[in-house]
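J.: my questions concern the predicted model and sequence given below.
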Amino acid sequence: MSTRSLLLLIFLLFSACGEAPQSPGAAWSLAFSSQGDKLLAGGRFDNVTATRVYEKTPERTLNQITSLPAGASGATWSPAGTKIVYLNLDESRIDLFDLQQQKVSSGCPCDFFPQGTLSLLNKNELIVAPCLIADFQPTKEPPVITQAFCPEGLPSTREFGGCDAGTVFRVSTSHRVEGPVAVSYAGGCPIEVWDYRDGDISLRYELPDLEQCWIKVSDDGQQLATLGVAGLSIWNLTAEEPKRLIHFAEKRISPTGFHSLAAFQSRLSFSQDGHLLAVCFEDSVQVIDLTVQKVIFHRQFDQSDLVLSCALSPDGKTLAWSGNREMGIRLQAVRRTAATE
């Protein structure tokens, strides 16, 4: 074999294995900004729990921009991708971090629960969900979801929802004015889908056959992805009644996958047009073209390499994922099919 052929073979082998780790450590939460040029990662890096912000280069490498203060939890992007909203567990506040000024620009008290997840509604309101009761044991008081908005540092909150059998597991919203807001509980309660109209929250319907799932609402609010022990499903949220569009019974999470960090894990991610869905299971990560119901990217890992999180860029052309065993954060080019270009 010639030297040139050997080098070509080595290049192909490395290409097949994906990108090298861009950041050491394990990220249990990943999210691209709306422009796709930055990546928000929450996890454990260099043996320290942290929330970091990276800039994605055209060559699909990551440059760290900043690391948020210790105790940042449930972070999410502002619509413009210039600020980050997060729960400051050390100070019991909802903080707004300005990336350009590299400092907290505003904050408001948040003493109604110790920790939780955040999701953006209507581009300026936050849905804050209390979560992560130890081992998902039921609480004495039914947990509720809190709608919070504090543009001037003064919180305006409203409670809705609740489950007597357990605590909130995940919350997901679209960026449309009317929602919807999807809520998954850890316990014996079904997934709920809520509407937001004229400043009011109202229950649209429940998905009674689903309990404790990772959930993700598409940006346009028309689809809901659910992932759990019963498999992976895509639901039509524009129908008057719950309508399942796609179901993959074999694509599932085992009961052991719901551990203490599970509620923070981002295992589902839509492309901005809603045509592609990234899914990470315990031992693999996939990108599914929903228009043709076909897997267009698949990466399988050893059983010891647990995948924790994944995120798809808005244009659907870059996939990020992370896991344990110093897998780090990895970036992978995704080749979209002609139907979804």
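T.: Alright, I've got the coordinates.
J.: please count neighbours and contacts with C-alpha atoms only from this point.
T.: Fine.
J.: low-confidence ranges, the stretch 101-250 of the chain, go.
T.: Applying pLDDT under 70 to the stretch 101-250 of the chain flags residues 106-167, 175, 177, 187, 198-199.
J.: give the other helices and strands that the longest strand seen in the chain contacts.
T.: As assigned by DSSP state E, the longest strand anywhere in the chain is strand 200-211. On a contact count with 3 or more CA pairs under 8 Å, 6 or more residues apart in numbering; DSSP states H and E, strand 200-211 meets strand 181-186, strand 190-197.
J.: need the residues that contact the longest one.
T.: Spelled out, that is strand 190-197. Strand 190-197 is contacted from outside by 177-185, 201-212, using CA atoms under 8 Å, 6 or more residues apart in numbering.
J.: make it 10 Å
T.: Defining contact as CA atoms under 10 Å, 6 or more residues apart in numbering, one finds that strand 190-197 is touched by 121-122, 160-163, 169-173, 176-185, 201-213, 215, 217, 224, 226, 237, 242.
J.: correct me if wrong, but Glu241 is in a strand.
T.: No. Counting by DSSP: H, G, I helix; E, B strand; the rest coil, Glu241 is not found in a strand; it is coil.
J.: show the end-to-end separation of stretch 56-73, please.
T.: 22 Å (CA to CA, to the nearest Å).
J.: mean confidence for it?
T.: For stretch 56-73, mean pLDDT is 86.
J.: quick one: buried residues of it?
T.: By neighbour count on 16 or more other CA atoms under 10 Å, the buried set for stretch 56-73 is 56, 60-62, 67-69, 71-73.
J.: leaving out the residues flanking it, which one is nearest to Asp37?
T.: Lys56 (5.2 Å; CA to CA, 6 or more residues apart in numbering).
J.: how far away is that neighbour from Glu240?
T.: 40 Å.
J.: and what of Lys317?
T.: Separation of Lys317 from Glu240 (CA to CA): 33 Å.
J.: same check on Pro58?
T.: Using CA to CA, Pro58 is found at 43 Å from Glu240.
J.: same deal with Lys216?
T.: Taking CA to CA, one finds Lys216 at 19 Å from Glu240.
J.: same thing with Leu99?
T.: 41 Å.
J.: kindly report the same for Gly323.
T.: 38 Å.
J.: what do you get for Glu91?
T.: With CA to CA as the criterion, Glu91 and Glu240 are 43 Å apart.
J.: these two: who's more crowded?
T.: Using other CA atoms under 10 Å as the criterion, Glu91 and Glu240 rank with Glu91 on top: 15 against 9.
J.: looks to me like that one is in a helix.
T.: No. Applying three-state DSSP, one finds Glu91 to be coil, outside a helix.
J.: next step: the buried residues of stretch 56-73 restricted to helices.
T.: Using DSSP state H, no member of the buried residues of stretch 56-73 sits in helices.
J.: got these as TSV, with distance to Cys189 columns?
T.: Below are those laid out as TSV (distance: CA to CA, whole Å):
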residue	distance to Cys189
Lys56	39
Arg60	41
Thr61	42
Leu62	40
Ser67	36
Leu68	34
Pro69	35
Gly71	30
Ala72	29
Ser73	25
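J.: quick one: which of those is nearest Glu282?
T.: Ser73 (22.6 Å; CA to CA).
J.: bridging residues for that closest one?
T.: Judged by DSSP bridges, the bridge partners of Ser73 are Leu87.
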